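Trainee: Sequence plus predicted model, see below.
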Amino acid sequence: MKKLIKNGTIVTVTSGTFVGDILIEDSKISQVAEKIEYEGTDVEIINADGKYVLPGFIDAHSHIGLFEEGIGFMQDGNEMTDPVTPEVRAIDAFNPYDVAIKHALNGGFTTVMIVPGSANVIGGQGAILKFKSNIVDYCIVKAPAGLKMATGENPKRVYGDMKKMPSTRLGVAAVMRGFFMKVQDYMEKKRRALEKDGVFLDRDPKMEIGELVLRGEIPARIHAHRAQDIATAVRIAKEFGFKLVIEHGTEAYKIADYLAENNIPVVVGPFGFRTKIETKDLTYENVRILNEKGVLTAIMVDHPVTHLEFANMHAALAMKYGAKKEDILKMLTINPAKILGLDDKVGSLEPGKDADVVIWDSDPFLPQAKVEKVFIEGREIKWWGE
């Protein structure tokens, strides 16, 4: 059945804000206008008078379903047995019954990029999901969608404590380079085998995912807080010619011009306590500066560091430090969609895009705002784990 949302404050993100209507047909938005007249009985009318209608929020970096609520130390986000584990996949650990998903829907989120944690230099494969099913395979938009990697204190601490490499930033960079050199050799070996015999019989799951990165089919998603670690990630990406997204970017504001010059996007956050050396210079001004410098930026809360349910409030706090409301909105919608390569499908309310639509009872940047309805691809979603 078609759905017609009437008389809401339509926040399109890309084409302004106005009081109007949205027509949903099947899984897509078919019309967005100040007034839509529809004659027929095959339509559900949804009154949004006095309410705000937005695209579903998008989290471009999350551990939801991996680091589950109420589990304690029994988590599945880090395979801490080897600093190089590109073969592990986030979808194999994702639990759709993590109650955090219910709260994320209550926070207006419909799409997430789930990634392994940052214990390992090469941490594993991330995936883009929509919260639309209790079966992970039905949630997948793209998998693998990126290779999670990490610099800085996390891999240093984990493997330093084991008296293994890497225990320094020197070691972290060396492990990254060593991995991609092996991938290059693997690709050449495969090329020669196929050229000679027409078949390659020595597949390696570690190398196969690295090959996707070097071929540009998926990006490297590199955890980097300090400016020096961000610069190292950019340096290595240039050396091996792969696409790069910076995760966290706590000190990205210090080298914002360099990031803009190299067209490196940043998924910035979380904004909380300064819990370790590499986050001591954390500031909400990061958001304003990156936007002013033209860096493609999305906001994350690093769920479960801060729960997705409250991401709108953490984003709104950046306005206290000079960030513009329209930029904050884009950093929860169209910007992460662009970073994930999905801006033709999600991130704004436009005809032809997926009908991922959220109705709020008031402006979502107000602390009292509540989500009333969530639609993903035209279907109203209620969490299945009650």
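Mentor: All right, it came through fine.
Trainee: where exactly do the strands run in the stretch 151-300 of the chain?
Mentor: Along the stretch 151-300 of the chain, the stretches classed as strands by DSSP state E, counting those that start in this stretch are 220-224, 244-248, 266-268, 297-299.
Trainee: can you list these in CSV and add mean neighbour count and distance to D343?
Mentor: C-betas here are computed from N, CA, C, even on glycine. Listed next are those as CSV, based on neighbours: other C-beta atoms under 10 Å; distance: least, C-beta to C-beta, whole Å:
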stretch, mean neighbour count, distance to D343
strand 220-224, 27, 17
strand 244-248, 26, 14
strand 266-268, 27, 15
strand 297-299, 27, 12
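Trainee: Please convert those to JSON lines, extending it with distance to N335 and mean pLDDT.
Mentor: As requested, these are arranged in JSON lines below (distance: least, C-beta to C-beta, whole Å; pLDDT from 0 to 100):
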{"stretch": "strand 220-224", "distance to N335": "15", "mean pLDDT": "98"}
{"stretch": "strand 244-248", "distance to N335": "12", "mean pLDDT": "98"}
{"stretch": "strand 266-268", "distance to N335": "9", "mean pLDDT": "98"}
{"stretch": "strand 297-299", "distance to N335": "5", "mean pLDDT": "98"}
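Trainee: Could you export these as JSON lines, including distance to I29?
Mentor: Formatted as JSON lines, the strands of the stretch 151-300 of the chain follow (distance: least, C-beta to C-beta, whole Å):
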{"stretch": "strand 220-224", "distance to I29": "29"}
{"stretch": "strand 244-248", "distance to I29": "27"}
{"stretch": "strand 266-268", "distance to I29": "26"}
{"stretch": "strand 297-299", "distance to I29": "22"}
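Trainee: Go through the longest helix anywhere in the chain and flag the buried ones.
Mentor: The residue-count maximum for a helix in the chain (DSSP state H) belongs to helix 169-197. For helix 169-197, the neighbour count (16 or more other C-beta atoms under 10 Å) marks 169, 171-173, 175-176, 179-180, 183, 186, 190 as buried.
Trainee: what residue ranges in the protein are flagged as low confidence?
Mentor: Applying pLDDT under 70 to the chain flags residues 73-74.
Trainee: need the helices for it, in chain order.
Mentor: 100-106, 136-139, 153-161, 169-197, 205-214, 227-240, 256-261, 285-292, 311-317, 325-331, 334-339.
Trainee: buried set for the third one?
Mentor: Burial within helix 153-161, assessed by neighbour count using 16+ other C-beta under 10 Å, is assigned to 153-156, 158-159.
Trainee: For F242, which non-adjacent residue is spatially closest?
Mentor: V213 (4.9 Å; C-beta to C-beta, 6 or more residues apart in numbering).
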